[in-house]
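> Here's a sequence, model it:
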Amino acid sequence: MRFHSLESRIVALFVVLILLVQLVGFFAIHNGITDNAHAAISDELVFGQKIFQRLLEQNANRLTQGAQLLAKDYGFLQAIGTNDDETIASSLSDQRADIGASLALLVAPDHQIKAATAPPAANLAQTILHLVDQAEQRGSANGISIVDNDPYQVVVVPIKAPVTIGWVAMVFPIDQRLAADMNALSGLQVSILTRGKTGQWTADASTLAAADVASLTGQLNGSSANITSFSNFAVSGNEFSARIVPLAPDSAQSAIVVLQRSISEAIAPYTRLQVKMLILTALGIAIAVAGSIFTAKRITGPLRRLTEIAKRLGAGTYEGQIEIQREDEIGELSKAFASMRDGIANRELEIRRLAYWDTLTDLPNRAQFAIMLTDAIAQAGQSNSACTILMMDLDRFKTVNDVMGHRFGDALLRLVAERLALQLPNGGNQLARLGGD
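Numbers count the residues shown, from 1 in each chain. The predicted structure follows:
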């Protein structure tokens, strides 16, 4: 094949253009996939933080409701009034078990812990008394405390009879169950970490494997940067994008929740798509080279005739046969022209039908009705007869749509159209749909 020939130049130009377009498209898609994946992960983490905070709120509300039920229980109030310590302890224990709390306490008006299902740690007792001060102002209060490197959610509600005679406190662990619930809701990996007086982060609960948790805590403990600035972790060879949510910072201990999304998992579906695109690109280029070499040799003459046919199609002439009869690409092209011609003709018919007929009821629409009315008036004028129009509307049809749904409303309209068509006598009577009903 001589390069100076039209055939060789067509093939060379076609291949070069295909390669350039595919390469540019591939890199553009690759960069777009990477950017979109990171943006999607960032959005997932932000949304995941909201979900976690909502889970904490739900737990706090559940604890508050359970504590309020106990605070309003007549037997419990009577036991407080008579200093019946046994009944008070029994009521606290029963309510703690009912709502899944780990600890229930009764705080006296003098801010002394009067009864508890188990002795509270010193910092937990301090948190409860601090929440009691807030409950005096707001009616109830909740917060988070860390006990022996384990985070707990605490709620306090007043006991009124009718004045405040004490407070009920309920303590709920922030543990593996909450992490698993968060993972099930959001699909994110969740790690709850605490840091004690030693300054080292330890894992309290996590949906990661034990080895991955150790790697995560090791990276946090080995860094001198601000903990909230961490946004990426490498765990077991996988890169994770992370969002750190502080739980309970105080002077001695603090807790965080690390929400993580595997970047490799997020991009994996797109990576498989890219591999398929490369394979398809290679196949396309090979086919394009072979096809261009073969078709360039025989394309010039038949193309002239096809050009004339295309001009006739452009002018709206769809009749006649396409006379190119070949068993090759040109023959296929001629068949495609014939198919295109038939398709255009059919689409024009379909467009005309859509323009003048209602697709739901298969009745003439407003435009067709105007034509029919014009014709009917003209015929009435020629025969010196009357032309009658009967307008019909379905009352309360909007209520049908609102109550039964639009699908039922559409079915109703079709049924009404069918029944009206059956009721029309023959002899020039016509039915049309003008509006919504």
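
> got the buried residues for stretch 278-294?
Within stretch 278-294, the residues scored as buried using 16 or more other CB atoms under 10 Å are 281, 288, 292-293. For glycine as for every other residue, the C-beta is placed from the backbone atoms N, C-alpha and C.

> Among those residues, which one lies nearest to Val245?
For the buried residues of stretch 278-294, the residue nearest Val245 by CB to CB is Thr281; the value is 43.3 Å.

> picking that back up, would you list the buried residues of stretch 278-294 in JSON lines and tack on pLDDT, distance to Asp35 and secondary structure?
Converted to JSON lines, those look like this (pLDDT from 0 to 100; distance: CB to CB, whole Å; DSSP: H, G, I helix; E, B strand; the rest coil):
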{"residue": "Thr281", "pLDDT": "77", "distance to Asp35": "21", "secondary structure": "helix"}
{"residue": "Ala288", "pLDDT": "73", "distance to Asp35": "30", "secondary structure": "helix"}
{"residue": "Ser292", "pLDDT": "71", "distance to Asp35": "35", "secondary structure": "helix"}
{"residue": "Ile293", "pLDDT": "71", "distance to Asp35": "39", "secondary structure": "helix"}
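
> Of all pairs in those, which one is the farthest apart?
Most distant of the buried residues of stretch 278-294, by CB to CB, are Thr281 and Ile293, 18.9 Å apart.

> Low-confidence ranges, this structure, go.
1-8, 224-230, 249-252, 295-304, 316-330, 427, 436-437 (pLDDT under 70).

> Please, where are all the helices along it?
Remark: helices assigned in the chain by DSSP state H are 6-71, 74-81, 85-99, 122-138, 176-186, 210-221, 263-296, 300-314, 329-356, 366-383, 397-404, 406-423.

> Which of those helices sits closest to Ser241?
Among the helices of the chain, helix 6-71 sits nearest to Ser241 (CB to CB), with 4.7 Å.

> and the closest one, how far out from the chain's middle?
On the basis of CA atoms, centre = their mean, to the nearest Å, helix 6-71 sits 11 Å off its chain's mean C-alpha point.

> So which of the helices of the chain is nearest Lys160?
Nearest of the helices of the chain to Lys160, taken as CB to CB: helix 6-71 at 7.4 Å.

> what packs against the closest one?
If contacts are counted by 3 or more CB pairs under 8 Å, 6 or more residues apart in numbering; DSSP states H and E, helix 6-71 sits against helix 85-99, strand 141-147, strand 150-160, strand 164-173, helix 176-186, strand 238-246, strand 254-262, helix 263-296.

> In JSON lines, list the ones you listed along with distance to Pro120.
Converted to JSON lines, these look like this (distance: least, CB to CB, whole Å):
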{"stretch": "helix 85-99", "distance to Pro120": "12"}
{"stretch": "strand 141-147", "distance to Pro120": "8"}
{"stretch": "strand 150-160", "distance to Pro120": "10"}
{"stretch": "strand 164-173", "distance to Pro120": "8"}
{"stretch": "helix 176-186", "distance to Pro120": "21"}
{"stretch": "strand 238-246", "distance to Pro120": "23"}
{"stretch": "strand 254-262", "distance to Pro120": "18"}
{"stretch": "helix 263-296", "distance to Pro120": "42"}
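
> of these, which approaches Ile128 most closely?
strand 164-173 (4.8 Å).

> Return the list of helices and strands in contact with the closest one.
By 3+ CB pairs under 8 Å, 6+ apart, strand 164-173 packs against helix 6-71, helix 74-81, helix 85-99, strand 103-107, helix 122-138, strand 150-160.

> CSV please, covering the ones you listed and showing distance to Ala255 and mean neighbour count.
Shown next, in CSV, are the helices and strands packed on strand 164-173 (distance: least, CB to CB, whole Å; neighbours: other CB atoms under 10 Å):
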stretch, distance to Ala255, mean neighbour count
helix 6-71, 12, 15
helix 74-81, 32, 16
helix 85-99, 22, 17
strand 103-107, 17, 25
helix 122-138, 12, 16
strand 150-160, 4, 23
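
> Save those as JSON lines, and put in distance to Ile377 too.
Output for these, formatted as JSON lines (distance: least, CB to CB, whole Å):
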{"stretch": "helix 6-71", "distance to Ile377": "59"}
{"stretch": "helix 74-81", "distance to Ile377": "85"}
{"stretch": "helix 85-99", "distance to Ile377": "79"}
{"stretch": "strand 103-107", "distance to Ile377": "87"}
{"stretch": "helix 122-138", "distance to Ile377": "77"}
{"stretch": "strand 150-160", "distance to Ile377": "79"}
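
> Could you chop this protein up by domain?
1-297, 301-356, 358-423 (automatic domain parsing).

> so the residue nearest to Val46 when sequence neighbours are not counted bridges to which residues?
Take Val46 and drop its neighbours on the chain: the residue closest to it by CB to CB, 6 or more residues apart in numbering is Arg243, 7.1 Å away. For Arg243, the beta-bridge partners are Leu259 (DSSP bridges).
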